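Visitor: what follows is a predicted protein model with its sequence.
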Amino acid sequence: MPDITAGPVGLVTAAQLLRIGLTVKIVDKASAALSVGRADAIQPRILEIMKQLGLIDEFLGSGPRIDHTIFYKDGKFMVFRRSHSSQSEFKFLQVIGQPEIERILIRDIERFGCHIDRCTTLSGYYPVEHVDSAGIKRVNLRFHLDDGRDNRGAICDSTYLIGSDGAHSFVRASLSIPFDGIATGLVWQIVDCEWETNFPHAWVFGCVLNSTHGGVLIIPRENNMARLYVNVIPEDGQATVDRSKESVSTALERIRKVFHPYTIKPKGPIEWYTIWSINERVARDFCDPTNRIFLAGDAAHCHSAAGAYGLNTGIMDSQNLVWKLALDAYGIAKPNLLSSYQTERRFTALRIVEGSSQFLRFLCNQQSTSTFAKQFQFNEDEKFEAPVFVAENEPEGMDQDQAFFAWYAKTYTGLLTGMDVGYKPSLLNAWPAACKKQRADQIAETYLSSPMKDVCSEGSAIVPGHPMGNPLVFSQSRKRVQRLYDGFLPSPAFNIVIFIGSFSGLIRESVLDAVAHFARPESFRLKFTSQPIFKLHLVTTRCNSMDTHQCVTIPLGLTFQNNACQGDDPDSWISVYLDDKPEAESAHAFFGIESNDSLEQERVMVVRPDLWLGTKTTLSNFKQGLESYFDGFLHS
């Protein structure tokens with residue numbers, strides 16, 4: 001499977017596909033990995049993905065953590081607040097330069113025997129027919145690769161092509177997909193170095209604005225460095241910036257003026273400098289009509305760096321796509337599964353470009369110039385109402401810029417952390433019966449603009465189409481406290497979490513019925529594939545003088561064995577966790593499950609392979625609800 005190119009998005013895609021067992025070929029026109037510059041921070045949701053890949057320790061040891069934000073204007077302190085708080089276990093942005101991200105990921109894919117074809121470009125491709133070992137006619141893609149060594153080039157065949165080849169994507173151009181949007185006319189200079197300054201909050205993430213000289217965005221870096229983005233304002237009488245006149249010297253002078261009355265100058269050599277004209281664009285399609293060729297990362301969307309959206313959004317593109325490709329490669333995905341990549345990720349890209357656009361124009365003192373809604377082709381199911389800042393709605397006594405900053409942080413924290421990336425109702429995001437069908441889109445719209453609100457059934461904290469929570473629980477098999485995700489089967493598996501309370505009365509009976517159905521060979525567990533892509537995770541609050549293993553794990557295991565094929569080990573299919581924190585802090589409360597044993601509560605939660613909640617239902621609807629859900633996008 002060709003993966004173009006070897007930037008972070010392409011490398012993460014390869015790392016996930018290799019773990020699933022698929023073959024990957026990566027080509028990149030660059031002669032070597034990036035040495036300095038570009039992306040600089042990882043969101044909490046991406047850290048969760050790195051933990052799932054087993055790479056989290058390498059990412060966390062790389063640089064400072066961003067958990068506070070500052071704002072100064074015209075030398076006056078305006079805001080210092082905690083930021084990037086979320087329901088993730090990682091309540092911060094991890095600063096890590098793109099060169100280090102690439103080094104970690106290249107080292108990782110090489111463990112699987114995958115190496116990058118450097119100085120190589122994709123020069124063309126076309127479909128070819130062949131007959132597989134079962135005698136079935138298939139269509140593959142044949143690629144011509146140019147490594148510059150001779151006139152013949154190389155040829156390879158593959159089922160899919162993933163173009164993560166940047167804003168000037170060859171793959172996107174080859175499909176004649178429009179890149180809708182605008183050239184904003186806004187220009188930034190970027191300087192990485194260690195700074196000498198008397199600025200009081202050196203170095204905390206945030207921004208410094210000057211009414212005359214523009215704004216500076218501050219990103220703390222490793223080794224006492226900081227990255228400063230400074231807005232380039234056209235000379236008097238000029239409509240645009242003359243980039244030929246700009247240099248490190250002009251950037252340093254602008255930074256000095258914006259920080260005044262505080263002083264600031266480089267303390268050592270400049271590690272990296274660049275000048276960047278900002279575009280805001282989203283590809284009209286994220287895949288070709290056959291669902292064989294896909295766009296990800298900057299090839300699909302580009303925008304300002306404000307908010308650390310770019311790299312992080314691209315990695316979430318990859319996380320969304322990989323499991324769908326795997327199930328398609330297994331031969332069990334219906335066509336609508338791969339089609340959902342475009343539906344889910346293009347809508348997300350539009351939201352992120354809109355959010356980034358608001359903060360960009362705030363930094364550039366051009367809040368009235370956004371043309372976001374006018375420049376994009378919206379499909380009917382992609383329309384959403386962008387949040388609007390109204391100064392009069394904010395607390396009295398606030399400067400308007402101070403009020404906007406507070407409003408933006410409150411409104412967009414979910415996007416800034418990656419934890420508010422919600423998908424609308426669909427076959428993959430099946431809303432429970434408590435949400436009437438005619439209200440589903442309306443509820444989704446409310447939820448997407450006001451994350452974590454109770455918009456579905458009473459007590460429901462998380463709804464389908466939103467990242468699944470990851471509370472602490474005690475693992476019965478591992479004999480230790482861990483995060484819920486830590487016991488999950490990896491992608492492309494669906495992990496089914498059931499909150500069983502005290503496992504008594506009618507709840508006990510219903511849970512055993514659900515486990516018995518799950519165990520049977522004719523259930524969805526083995527209906528679609530012999531691959532282990534389903535697992536049950538039962539969370540109990542039972543904690544008394546009787547051992548949880550004796551009271552819960554053993555009855556569940558016996559029920560499974562009595563209904564499954566001989567030799568089918570229940571430990572491979574079922575995990576049991578103890579939820580024994582105080583009620584208000586418990587995993588049950590986290591998911592809105594009340595302490596009673598009511599069968600009406602939606603205790604069954606299907607977690608998609610990308611760790612988004614797919615659907616949830618009651619125990620009494622376990623068989624019918626889950627069979628119907630999986631039948632919607634898988635076939636046997």
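Guide: Alright, I've got the coordinates.

Visitor: which SSE is Gly397 in?
Guide: Using DSSP states H and E, Gly397 maps to neither a helix nor a strand.

Visitor: Ile500 now?
Guide: strand 494-501.

Visitor: quick one: contacts of the helix or strand that that strand is followed by?
Guide: Next helix or strand after strand 494-501 toward the C-terminus (DSSP H and E): helix 505-519. Contacts made with helix 505-519 from outside it, assessed by C-beta atoms under 8 Å, 6 or more residues apart in numbering, are listed as 498, 500-501, 503, 523, 525, 534, 536, 538, 555-556, 559-564, 568, 570, 573-574, 597, 599, 604, 619-620, 622-623. Heads up, the C-betas are built off the backbone N, CA and C, glycines and all.

Visitor: which of those residues fall within strands?
Guide: 498, 500-501, 534, 536, 538, 574, 604 (DSSP state E).

Visitor: of those - the most surrounded one?
Guide: Ile500 (27 neighbours; other C-beta atoms under 10 Å).

Visitor: got the contact list for that residue?
Guide: Per C-beta under 8 Å, 6+ apart, neighbours of Ile500: 507-508, 511, 538-540, 552, 603.

Visitor: rerun at 6 Å
Guide: By C-beta atoms under 6 Å, 6 or more residues apart in numbering, Ile500 lies in contact with 507, 511, 538, 540.

Visitor: whichever of the residues you listed end up buried, select them in PyMOL.
Guide: Per 16 or more other C-beta atoms under 10 Å, the buried members of the contacts of Ile500 correspond to this PyMOL selection:
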select buried, resi 507+511+538+540
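
Visitor: can you name the two of the contacts of Ile500 that sit furthest apart?
Guide: Using C-beta to C-beta, those reach their maximum pairwise distance at Ile507 and Leu538, which is 10.9 Å.

Visitor: got a list of contacts for stretch 377-388?
Guide: So stretch 377-388 is contacted by 180, 284, 347, 354, 411 (C-beta under 6 Å, 6+ apart).

Visitor: and the furthest pair within the residues you listed?
Guide: Spatial extent of the contacts of stretch 377-388 (C-beta to C-beta) is set by the pair Arg284 and Thr411 at 27.0 Å.

Visitor: in terms of neighbours, single out the busier of the two.
Guide: Remark: of Arg284 and Thr411, Thr411 carries more neighbours, 19 against 16, as counted by other C-beta under 10 Å.

Visitor: C-terminal to the helix-or-strand element of the chain with minimal mean pLDDT, what's the next element?
Guide: None of the helices or strands of the chain scores lower by mean pLDDT, DSSP states H and E than helix 440-449, at a mean of 51. Elements were assigned by DSSP H and E; along the chain past helix 440-449, the next helix or strand is strand 472-475.

Visitor: and the contacts of that next one?
Guide: By C-beta under 6 Å, 6+ apart, the surrounding residues in contact with strand 472-475 are 481-482, 484, 487, 577-579, 587.

Visitor: and what of stretch 176-191?
Guide: Taking C-beta under 6 Å, 6+ apart as the rule, stretch 176-191 contacts 228-230, 232, 241, 251, 273-285, 364, 375-377.

Visitor: filter those residues down to the buried ones, PyMOL style.
Guide: Per 16+ other C-beta under 10 Å, the buried members of these correspond to this PyMOL selection:
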select buried, resi 228+229+230+232+241+251+273+275+278+279+280+281+282+283+284+285+364+376
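
Visitor: how about Pro127: what's its closest non-neighbour residue?
Guide: Nearest non-adjacent residue to Pro127, counting by C-beta to C-beta, 6 or more residues apart in numbering: Val139, 5.2 Å away.

Visitor: A strand includes the one you found, no?
Guide: Yes: counting by DSSP: H, G, I helix; E, B strand; the rest coil, Val139 falls inside a strand.

Visitor: what number of residues lie near it?
Guide: Residues within reach of Val139, counting by other C-beta under 10 Å, total 11.

Visitor: return the per-residue confidence for it.
Guide: Val139 carries a pLDDT score of 76 in this model.
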